[in-house]
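*Asks:* Show me the folded form of this:
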Amino acid sequence: FEAITPGRNLEFAPTVTTHRTDERDTFPGGRLTAGDPDADVGLSARWGLTPNVTMNGALNPDFSQVEADVAQLDVNTRFALSYPEKRPFFLEGNDFFGTPLDLVFTRTIADPRWGAKVTGKEGAHAFGAFVTRDEVANLLFPANQSSSTGFLAGTSLTTGVARYRRDIGGQSTIGSLFTAREGGGYHNRVASLDTQVRLSQTDTVRVQVMKTWTAYPIAVALDNGQPIGEFTGNGASFGYSHNDRAWSWFANGGLLDAGIRADVGFMPRVDTRAVAAGVNRVFRGRPGQWFSAIEIGASNDITYDGGGQLTDRGFDFPIEYTGPKQVQAYYNPSPNLEY
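*Replies:* From the prediction side, this is the model:
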């Protein structure tokens with residue numbers, strides 16, 4: 001086809017939400033007094049700049065139609081819970097920002113007043129960037145044994161993320177990521193480099209290194225046991241995996257300094273030195289046999305804190321049977337210890 005030009009693919013989604021709250025002047029027999037009506041007006045827009053590059057914008061976006069989160073138990077949990085992102089503005093091009101370490105977790109942006117995003121891929125170059133202004137300033141304070149939360153009262157935060165990734169050969173990549181969250185005497189900045197190398201059709205190596213810079217207002221630091229002034233942290237992650245029809249094995253590890261704060265991401269546990277390895281074997285049956293597949297595996301993981309104290313150790317020995325008529329059985333003795 002000649003002289004074909006793509007459409008502009010320009011979309012606008014204006015929203016208006018009105019509400020009014022009525023209250024009794026005395027309870028329970030008082031008169032019901034009507035409150036003043038209030039209205040929120042918002043606008044979301046999407047523009048396909050090219051077939052491969054998309055720009056998004058949002059002004060006071062309305063997420064009232066987004067599916068509610070599935071409830072999670074928060075009893076006897078040491079670390080913050082993670083909820084999946086479901087808001088359309090943040091889902092657009094979300095895979096461009098993924099790295100082995102979870103450094104971009106958009107649920108940390110709770111109530112954006114406005115936002116702008118561009119994502120795309122041209123040839124071997126993939127890129128993404130967004131900036132938002134958040135009316136809610138929640139903070140997560142991670143540690144080795146538990147995490148806690150805080151709040152910057154009366155503060156709005158500006159969040160910015162920039163990601164670049166380049167393809168190398170047919171299946172390998174190298175990339176960089178920078179995130180920043182700032183406002184009210186607080187800042188958190190993260191810089192990261194990562195690579196994924198496909199050694200063969202069945203073997204992959206992933207490596208990521210990162211550094212963070214963080215500073216809290218003095219009152220917040222004192223109330224939550226955080227360092228005074230700016231402090232830094234370093235982190236690294238390594239992983240190797242092999243997958244073919246019969247065998248799979250992996251080995252990975254990582255270290256996260258106690259000073260790491262990745263406030264645009266989700267990293268509720270720091271001050272760790274962790275290694276893990278495992279192997280699985282799959283036996284596949286022929287048509288008419290008593291089994292379709294039998295999988296046997298073993299894995300081990302160990303975690304230390306920055307001082308060398310063993311904090312977690314686990315073993316898994318899973319056995320899984322899949323047979324005719326969709327019969328399945330699974331057994332996994334897993335002696336795990338937490339100190």
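
*Asks:* When you work out contacts or count neighbours from here on, use the C-alpha atoms and nothing else.
*Replies:* Will do.

*Asks:* which residues touch residue 300?
*Replies:* By Cα atoms under 8 Å, 6 or more residues apart in numbering, the contact set of residue 300 is 276-278, 313-316.

*Asks:* Drop anything exposed from these.
*Replies:* 276-278, 313, 315-316 (16 or more other Cα atoms under 10 Å).

*Asks:* related to what we said a few turns ago, would you mind putting the contacts of residue 300 into a markdown table with pLDDT, distance to residue 266 and secondary structure alongside?
*Replies:* Compiled in a markdown table, the contacts of residue 300 are given as follows (pLDDT from 0 to 100; distance: Cα to Cα, whole Å; DSSP: H, G, I helix; E, B strand; the rest coil):
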| residue | pLDDT | distance to residue 266 | secondary structure |
| --- | --- | --- | --- |
| 276 | 98 | 21 | strand |
| 277 | 98 | 24 | strand |
| 278 | 98 | 25 | strand |
| 313 | 96 | 23 | strand |
| 314 | 96 | 23 | strand |
| 315 | 96 | 26 | strand |
| 316 | 96 | 26 | strand |
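
*Asks:* Could you dump those residues into JSON lines with distance to residue 72 added?
*Replies:* Formatted as JSON lines, the contacts of residue 300 follow (distance: Cα to Cα, whole Å):
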{"residue": "276", "distance to residue 72": "27"}
{"residue": "277", "distance to residue 72": "29"}
{"residue": "278", "distance to residue 72": "29"}
{"residue": "313", "distance to residue 72": "25"}
{"residue": "314", "distance to residue 72": "24"}
{"residue": "315", "distance to residue 72": "26"}
{"residue": "316", "distance to residue 72": "25"}
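
*Asks:* And those, which two are furthest apart?
*Replies:* 278 and 313 (13.7 Å; Cα to Cα).

*Asks:* Could I get the full set of strands for the stretch 151-300 of the chain?
*Replies:* In the stretch 151-300 of the chain, the strands defined using DSSP state E, counting those that start in this stretch lie at 157-168, 172-183, 186-198, 203-215, 231-243, 247-256, 272-284, 293-305.

*Asks:* What mean pLDDT does the fourth one get?
*Replies:* Going back to what we said before, that points to strand 203-215. For strand 203-215, mean pLDDT is 97.

*Asks:* Also the third one?
*Replies:* Strand 186-198 shows an average pLDDT of 97 in the prediction.

*Asks:* Parallel or antiparallel, which strands does that strand pair with?
*Replies:* Strand pairing for strand 186-198, determined by DSSP bridges: strand 172-183 (antiparallel), strand 203-215 (antiparallel).

*Asks:* Done for today, thanks.
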